[in-house]
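>>> quick check, what structure comes out for this input:
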Amino acid sequence: MGKSRGLVRPGDRNGTRQGFEFMKANQATWPLATMARLLKVSRSGFHAWNQRRPSAHALRDMDLLARIRVIYARSHGTYGMPRIHATLARQGIHVGRKRVTRLMREAGLRGVSRRRWVKTTRRALGARPAPDLVQRHFQADAPNRLWVADATYIPTAAGFFYLAVVLDVFSRRIVGWAMGSYLRTELMLQALDMALAQRRPEDVIHHSDQGCQ
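Take a look at the predicted model:
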């Protein structure tokens, strides 16, 4: 994963917790020691944190917040509660506005009108767009029929940290992911390779937003 100056600042409890959450989500893919070194957190601290059993409500909040973060990042940090709530509803996730407001407030997510944008999609110069096989109809009647590629970024003390994912539209589960300090085509392909290795689909449509990272 390369060298890093550390993505979590010493003494930053919120950043440390987010680092532990990231390690937990990716421990099947990367060694804990490598992620701990990259994030500048301790493995012993991770194990102590991981042994705590969150409530069912807390787990649901964590899942919802992860989805909120993806929507927020894709809007380049411009979406506030109303737009995020509406986007969740379009994805079939129906939750209260107050709950979305609370989670965004606790995570420090605020919609803004202007900020520095970080592009997560760049079409190659002169490249023709691939045919849209789903015609913007993001529904599937079974697992491994339709996958959607996405990329998000996390602002950290050391700069932007990128996460590429492949989402199964039917189950709404992430079936492949990759992380790195730079958003490139290779990162998206690593996420796709992981999904293919884990699921081994016979006939799947992989939809992206025509980006060339």
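>>> show me where the chain has its helices.
Secondary structure of the chain by DSSP state H: the helices cover 13-26, 32-39, 43-50, 56-74, 81-90, 97-107, 185-199.
>>> just put those helices in JSON lines and tack on mean pLDDT.
As requested, the helices of the chain are exported to JSON lines (pLDDT from 0 to 100):
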{"stretch": "helix 13-26", "mean pLDDT": "74"}
{"stretch": "helix 32-39", "mean pLDDT": "82"}
{"stretch": "helix 43-50", "mean pLDDT": "88"}
{"stretch": "helix 56-74", "mean pLDDT": "85"}
{"stretch": "helix 81-90", "mean pLDDT": "93"}
{"stretch": "helix 97-107", "mean pLDDT": "89"}
{"stretch": "helix 185-199", "mean pLDDT": "87"}
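>>> and these as TSV, adding distance to residue 174 and mean neighbour count?
(Glycine included, C-beta is placed from N, CA and C.) Below are the helices of the chain laid out as TSV (distance: least, C-beta to C-beta, whole Å; neighbours: other C-beta atoms under 10 Å):
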stretch	distance to residue 174	mean neighbour count
helix 13-26	8	17
helix 32-39	17	17
helix 43-50	19	14
helix 56-74	9	16
helix 81-90	16	16
helix 97-107	19	15
helix 185-199	9	17
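>>> distance to residue 142 for those - can I get that in TSV?
Shown next, in TSV, are those (distance: least, C-beta to C-beta, whole Å):
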stretch	distance to residue 142
helix 13-26	25
helix 32-39	33
helix 43-50	33
helix 56-74	22
helix 81-90	21
helix 97-107	30
helix 185-199	12
